[in-house]
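Colleague: quick one, structure for this:
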Amino acid sequence: MLKIGIVGARGLSTMMGFRDLPDVEVSAICDLDEDLLKEKQEKYNVPHTYRIYEDMLESDIDAVVIATPMQCHVPQAIAALQAGKHVMSEVTAGVSLDELFWLCEEVEKSGKVYMLAENYCYMPQNQLIRELRRKGFFGEVYYAEGEYLHYLDDFLTYPNGKPSWRQYWQCGKHGTFYPTHSLGPVMQWFEGERIKSIATFGTGHHRADNLRQEDTTVTMCQTESGKLIRIRVDAFSPRPHNMRYYQLQGTKGCYEAPRGLGDVGKIALFENGDPKSFLEWRPLDDFHDYMPERYRNATRNQLLGGHGGGDYFIVKDFVDAIVNKTKPDIDVYDACEWTAVGLMSEISVQNGSRTVDIPNFRPKMPNSERILKL
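Modeller: As a prediction, this is how the structure comes out:
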């Protein structure tokens, strides 16, 4: 029996997924809020609760899910790895470049599985595009977009009126503070690529001048082979949410996610030698038969886990990596590269949108490269 402990009782999106896996038990949850702990323990029938994280690490759990505020992710991940536990961490991986370097070192020293819980990669539509890209439908892909448009005013204070962590670690920072939801799926479509450099542009403050975060930031990423990725993050503009918009362009066709008001995911392809076939959109649903088999055959319980089954399959892949001693689908180097785009965007936007390099996160990265370089 693989025993899981979850720290952060408000972040239990993985709970249903773990409960549907054989030989896996969520045996502990940890949170500072005793009332919340009791509520979640009774709801999910969890055997043990802890207010002190280190106490949970001393128990017989095998792995930890870190679902606390983002500034806690690396300290708690390192503590778990040093205690001999596998780690699944919510996004982002960390809040400074030094933290990311420490995280890579600790994962390598521990030999334990570390996986980033970037569940947007596991959404069915994004998995379908990944499969179509692998089968060559888009030809060579060379441009993509991702947007995270999420009005955050209501998240900046707790119910008791005190400032929340988001007021500081997200909206209290410059740049593209939350890049991985937009970037993760795209980087999986650009399989084998790494981001070499970025430049970030901000609109300044038109509505929320009491916070450092610009109304909108746009980050242009260039991969080592010259491909381009545009990311937009917006936490303040008055507009409907759209946290899942993507676009992909290749030599044989393109994809666009829904924009809203009844829009659907759509694809245009150069097909059957017809030089004008790509001028008409086709609904993404036309390609449902190419959806990975496990999504097409997902059970009702797996779908109830959330995100169209994605919240089940992400924890299944985490558990499979532990049991089979294999590389997780989103490993520590992916996690740090995608997170570093947001961290380096702060430097870029505060220095006239200067182009800055992204460290090449990889095993046994030399100390000479573990630096912040302009």
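Colleague: only C-alpha atoms from now on, for both contacts and neighbour counts.
Modeller: Noted.
Colleague: thought L57 was touching Q82?
Modeller: No: using CA atoms under 8 Å, L57 is not in contact with Q82, being 9.6 Å away.
Colleague: between these two, who's got more neighbours?
Modeller: Applying other CA atoms under 10 Å to L57 and Q82 shows that L57 carries more neighbours, namely 23 against 16.
Colleague: report the central residue of this protein.
Modeller: Nearest residue to the geometric centre of the chain (CA atoms, centre = their mean): E118, 2.9 Å.
Colleague: and that one, how far is that from H206?
Modeller: 31 Å (CA to CA, to the nearest Å).
Colleague: G352 now?
Modeller: For G352, the distance to H206 - CA to CA - is 19 Å.
Colleague: same deal with V233?
Modeller: 15 Å.
Colleague: pull out the buried positions in the longest helix along the chain.
Modeller: Longest helix in the chain, counting residues (DSSP state H): helix 332-349. Neighbour counts over helix 332-349 (16 or more other CA atoms under 10 Å) mark 332-349 as buried.
Colleague: roughly how far out does it sit from the chain middle?
Modeller: 12 Å (CA atoms, centre = their mean, to the nearest Å).
Colleague: cool, stretch 68-78 as well?
Modeller: Mean-position distance between stretch 68-78 and its chain equals 15 Å (CA atoms, centre = their mean).
Colleague: other residues contacting it?
Modeller: If you take CA atoms under 8 Å, 6 or more residues apart in numbering as the criterion, stretch 68-78 is touched by 7-8, 11, 66-67, 87, 89-95, 99-100, 103, 106, 165, 169.
Colleague: need phi/psi at P159.
Modeller: Torsion angles at P159 (phi, psi; degrees, to the nearest 10) stand at phi -50, psi -30.
Colleague: give the contact list for P163.
Modeller: Contacts for P163 (CA under 8 Å, 6+ apart) come out as L156, T157.
Colleague: one more: the one 4 residues further on?
Modeller: Each residue near Q167 by CA under 8 Å, 6+ apart is listed here: L156, T157, L211.
Colleague: so what's the residue count around K85?
Modeller: K85: 25 surrounding residues under other CA under 10 Å.
Colleague: dihedrals phi and psi, it?
Modeller: The phi/psi pair for K85 (degrees, to the nearest 10) is phi -110, psi 150.
Colleague: point to the helix or strand of the chain where mean pLDDT is at its lowest.
Modeller: Within the chain, no helix or strand scores below helix 300-304, which has a mean of 87 by mean pLDDT, DSSP states H and E.
Colleague: the helix or strand that it is followed by: how far from the chain's middle?
Modeller: Using DSSP states H and E, the helix or strand that directly follows helix 300-304 along the chain is helix 310-324. Averaging C-alpha coordinates over helix 310-324 and over its chain gives two centres that are 15 Å apart (CA atoms, centre = their mean).
Colleague: so which elements touch helix 310-324?
Modeller: Counting contacts by 3 or more CA pairs under 8 Å, 6 or more residues apart in numbering; DSSP states H and E, helix 310-324 packs against helix 15-19, helix 300-304.
Colleague: which of the ones you listed is buried the deepest?
Modeller: Most buried of the helices and strands packed on helix 310-324 by mean neighbour count (mean count of other CA atoms under 10 Å) is helix 15-19; its value is a mean of 21.
Colleague: run through who's touching that one.
Modeller: Contacts for helix 15-19 (CA under 8 Å, 6+ apart): V24, E25, V26, N301, Q302, L304, G305, D311, Y312, F313, V315, K316.
Colleague: secondary structure class of the residue lying closest to S110 once chain neighbours are set aside, three-state.
Modeller: Excluding the flanking residues, the one nearest S110 by CA to CA, 6 or more residues apart in numbering is L81, at 6.0 Å. In three-state terms, and counting by DSSP: H, G, I helix; E, B strand; the rest coil, L81 is helix.
Colleague: what's around L81, how many residues?
Modeller: Neighbour count of L81, defined by other CA under 10 Å: 24.
Colleague: surely it meets C104?
Modeller: No: judged on CA under 8 Å, L81 makes no contact with C104 at a distance of 11.0 Å.
Colleague: list the buried residues in stretch 124-144.
Modeller: 124-133, 137-139, 141-144.
Colleague: check the offset of it from the chain's centre.
Modeller: 18 Å.
Colleague: next: stretch 10-23.
Modeller: 18 Å.
Colleague: residue boundaries of the helices in the chain?
Modeller: Under DSSP H, the chain gives helices at 15-19, 34-44, 53-57, 73-82, 97-110, 124-134, 166-169, 180-189, 293-296, 300-304, 310-324, 332-349.
Colleague: weakest of those in terms of mean pLDDT?
Modeller: Mean pLDDT is lowest for helix 300-304 among the helices of the chain, at a mean of 87.
Colleague: cool, thanks, signing off.
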